[in-house]
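In: just a sequence and a predicted model for now, questions to come.
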Amino acid sequence: MRQNKVIIQPYTQWETGIRSPASACGPAAIAGLIRFWESRLPAGGAAIRRLPADPAEAVNAMYAACFGTPLGMGASVLALGLRRQLNARLRESGRPGRAVTRRLSGFAAYRAEIDAGRPVAVKFDKWFALRWRDRPLFDYHWTVGCGYRIEDDGTEHLLVHDAGTRYSNGTHAASRERQVPYAAHRKVLTMVALAIEGGDEAQR
């Protein structure tokens, strides 16, 4: 078996205080990725913006700043939000480079991002993929890809933080790591990578 993971701070979309929790999976994914990158930016002698320490405030901030809607968040909108948030932090830190996003195609491309130490936004969406009869782990949901596992027989899995679970009694569970068989899900997945181009990524 081969496995690799990136350590991130996951966010839960159902935290008490989140204003639109049912549609906050995209903002929660953005918060997790931005927290990962801002922790790697040098202060450079100047104060740079940081996500609020309170998780609900952090998700609310990303919801407002990154065009969250009650109907969810498309991949292009999420990618734009990621670039804007990270570029603002790069400017304030004085660090060279710019934030870039790209869609990933295939498990090998996803694995390369994880091996490079970069988490990935991973969207499950059977509706717009016209896979209505499929039964994926999530019908429509953003998660953060934090790793992968390849079994001895070659079976490939994504490892994702799921943004939490809400129960019918009103309680919720915090975001947890889930293992997702890639082959069974590949037709409903959209994967968005975030990186810094033209800068020094050695500070990981």
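Out: In hand now; what should we look at?
In: quick check: longest strand in this protein by residues?
Out: Assignment by DSSP state E gives strand 140-150 as the longest strand of the chain.
In: just checking, what packs against that strand?
Out: With contacts taken as 3 or more CB pairs under 8 Å, 6 or more residues apart in numbering; DSSP states H and E, strand 140-150 sits against strand 2-5, helix 25-38, helix 107-115, strand 120-125, strand 156-161, strand 177-181. For every residue, glycine as well, the C-beta is placed using N, CA and C.
In: contacting residues around F107?
Out: Y148, E156, L158, Y182, R186 (CB atoms under 8 Å, 6 or more residues apart in numbering).
In: neighbours around the closest residue to the fourth one other than its chain neighbours, how many?
Out: Computed as CB to CB, 6 or more residues apart in numbering, the closest residue to Y182 that is not its neighbour in sequence is E156, at 4.3 Å. Neighbours of E156 under the rule other CB atoms under 10 Å: 19.
In: identify the bridge partners of E156.
Out: I150 (DSSP bridges).
In: I'd guessed it sits against I150; true?
Out: Yes: counting by CB atoms under 8 Å, E156 touches I150, with 5.5 Å between them.
In: how about the lengthiest helix in the chain: buried residues?
Out: If you go by DSSP state H, the chain has its longest helix at helix 75-93. Neighbour counts over helix 75-93 (16 or more other CB atoms under 10 Å) mark A75, L78, A79, G81, L82, Q85, L86, A88, R89, L90, E92, S93 as buried.
In: much appreciated, bye for now.
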